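Student: Have a look at this prediction, sequence included:
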Amino acid sequence: MTTPQGPLTDLVVIEMGSLIAGPFAGQILGDFGAEVIKIEDPKVGDPMRQWGRSLPKGHSPWWPVIGRNKKSVGLNLRDPEGQAIAKALIAQADIVIENFRPGAMEKWGLSYEALSADNPKLVMARVSGFGQTGPYAERAGYGLIGEAMGGLRYVTGEPDRAPARAGISIGDSLAAMHAVMGITMALHERTRTGRGQVIDAALYESVLAVMENLVTEYDITGYVRERSGSILPGIAPSNAYPCAGGELILIGGNGDTVYARLTEAMGRPDLKTDPKFVDHAARGVNQHELDAIIAEWTAGFALSDLIALLEAKGVPASRVFRAPDMLADPQFQAREAIVTTDHPVFGPIRMQNAFPRLSRTPGAVRWPGPPLGAHTDEVLKARAGCSDSRLAELRAKGII
């Protein structure tokens, strides 16, 4: 375990909750130096400890990432003694993150009103499917539900098929990122007033926030945005195109100057002056015809050769990266976008670094997700005043 670094080293975070939406917020804060104390069920812990396509050596490859830079405390929040200990920890903290169903914290005597009475500076981030208010507030809401309600699922996928998912839990991650945005805003405001506040981050609203002009366009024109596969309607050329050997290349050439450079690379100056493709609007109208012309051209190149040609001409292009491509790529290596950390079971493992990059106080991956309850005694002794005998008593009762 290394010394924390980053801009948040003076902050103490109590993370309560599980899965992705709350814990990813804690991961971000921990990456940038905050002391993140994760409270977990002492018997089973966060379900993320067992999630993943496989469990090599009986451990999840997901937990080392989302649990990184955190201290694990096993504590039963459903027991009054556990609730009292949680309240003592929160009394000394700056931030609480929770993603239980609305009402759970209140049922346990851990409402913001109760917690802020002891700690007026407390900032509390509450992440849920539908928010803390409204007729849907108490419904169960996973990320896919937020993606559906926020509009993302309907516009994702091929137009002749059912809506597709992104391949990652993007709704949960967006909610976590909005929670962190709210936390940093609340901390800034606290410097002026000395008071904390509640951040109410709903999954569906976090998705809605990134849906561009979807609602406004419908409101003004009546147009409902539909699924469009690998293109954006009216934005051309901007698509995935075939290369020799079955590989794909992504090319973004929709701006007028970039499109001109693309036609030079293709040896097709006629495409620059053709009335069907002469400007952005014309290319949008004739998008499918233009894509077919480009696809016929790209199919004659090996992927690496075509990337080199387009790079030389200043045309944005890329392979479709997979994990092995990332690990071998010089840009990832030069910026240490992927770092290695030591895991007690797996040994050295690689994962994404802390982002974004700060010039003076960067974040870092200091340790992977720890074993369940690895820091229970350390934290409860230091922050809850528990003696060895008290810890033994709590452990015998199943509270820790």
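Tutor: Okay, I see it.

Student: Which residue ranges of the stretch 101-250 of the chain form helices?
Tutor: 104-107, 112-118, 143-149, 170-193, 203-208, 214-221 (DSSP state H, counting those that start in this stretch).

Student: Can you mark which positions in the longest one are buried?
Tutor: Within helix 170-193, the residues that count as buried by 16 or more other Cβ atoms under 10 Å are 170-184, 186-187, 190. The C-beta positions use only the backbone N, C-alpha and C, and glycine is treated the same way.

Student: where does the stretch 151-300 of the chain dip in pLDDT?
Tutor: The stretch 151-300 of the chain contains no residues with pLDDT under 70.

Student: how about the strands of it, start to end?
Tutor: 198-202, 238-242, 248-252 (DSSP state E, counting those that start in this stretch).

Student: next one: the stretch 1-150 of the chain
Tutor: Using DSSP E, counting those that start in this stretch, strands in the stretch 1-150 of the chain cover 12-16, 35-40, 70-74, 95-98, 123-128.

Student: Note down every partner strand of the second one and its orientation.
Tutor: According to DSSP bridges, strand 35-40 forms sheet pairs with strand 12-16 (parallel), strand 70-74 (parallel).

Student: Give me the contacts around the first one.
Tutor: With contacts defined as Cβ atoms under 8 Å, 6 or more residues apart in numbering, strand 12-16 is touched by 22-23, 25-26, 29-30, 34-39, 70, 77, 86, 89-90, 92-98, 100, 105.

Student: what's the answer for the last one, then?
Tutor: Counting contacts by Cβ under 8 Å, 6+ apart, the residues outside strand 70-74 that touch it are 15, 26-27, 30, 35-43, 45, 89, 369-376, 378-380, 400.

Student: a markdown table please, covering the strands paired with strand 35-40 and showing mean pLDDT and mean neighbour count.
Tutor: Below are those laid out as a markdown table (pLDDT from 0 to 100; neighbours: other Cβ atoms under 10 Å):
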| stretch | mean pLDDT | mean neighbour count |
| --- | --- | --- |
| strand 12-16 | 98 | 24 |
| strand 70-74 | 98 | 25 |
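
Student: Please tabulate these in a markdown table, including the columns distance to Trp51.
Tutor: As requested, the strands paired with strand 35-40 are exported to a markdown table (distance: least, Cβ to Cβ, whole Å):
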| stretch | distance to Trp51 |
| --- | --- |
| strand 12-16 | 17 |
| strand 70-74 | 16 |
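
Student: For Ala281, find the nearest of those.
Tutor: Nearest to Ala281 among the strands paired with strand 35-40 is strand 12-16 (49.6 Å), distances taken as Cβ to Cβ.

Student: Could you tell me the angle between the closest one and helix 170-193?
Tutor: 140 degrees (axes from the mean of the first three to the mean of the last three Cα atoms, to 10 degrees).

Student: circling back: I'd like to know which of the strands of the stretch 1-150 of the chain lies nearest to Ala148.
Tutor: strand 123-128 (15.6 Å).

Student: Could you give the separation of that closest one from the chain centroid?
Tutor: Here strand 123-128 is found 16 Å from its chain centre; the criterion is Cα atoms, centre = their mean, to the nearest Å.

Student: neighbouring contacts of that strand?
Tutor: 17, 21-22, 25, 94-102, 105, 112, 115-116, 132, 137, 141, 175-176, 179-180, 182-183, 186-187, 190, 196-203.

Student: Of those residues, which count as buried by neighbour count?
Tutor: Of these, these count as buried by 16+ other Cβ under 10 Å: 17, 21-22, 25, 94-100, 102, 105, 112, 115-116, 132, 137, 141, 175-176, 179-180, 182-183, 186-187, 190, 196-203.

Student: okay, which residue is most central for this protein?
Tutor: Among the residues of the chain, the one closest to the centroid is Ser173, at 3.2 Å (Cα atoms, centre = their mean).

Student: Okay, it and Ile90: tell me how far apart.
Tutor: 25 Å (Cβ to Cβ, to the nearest Å).
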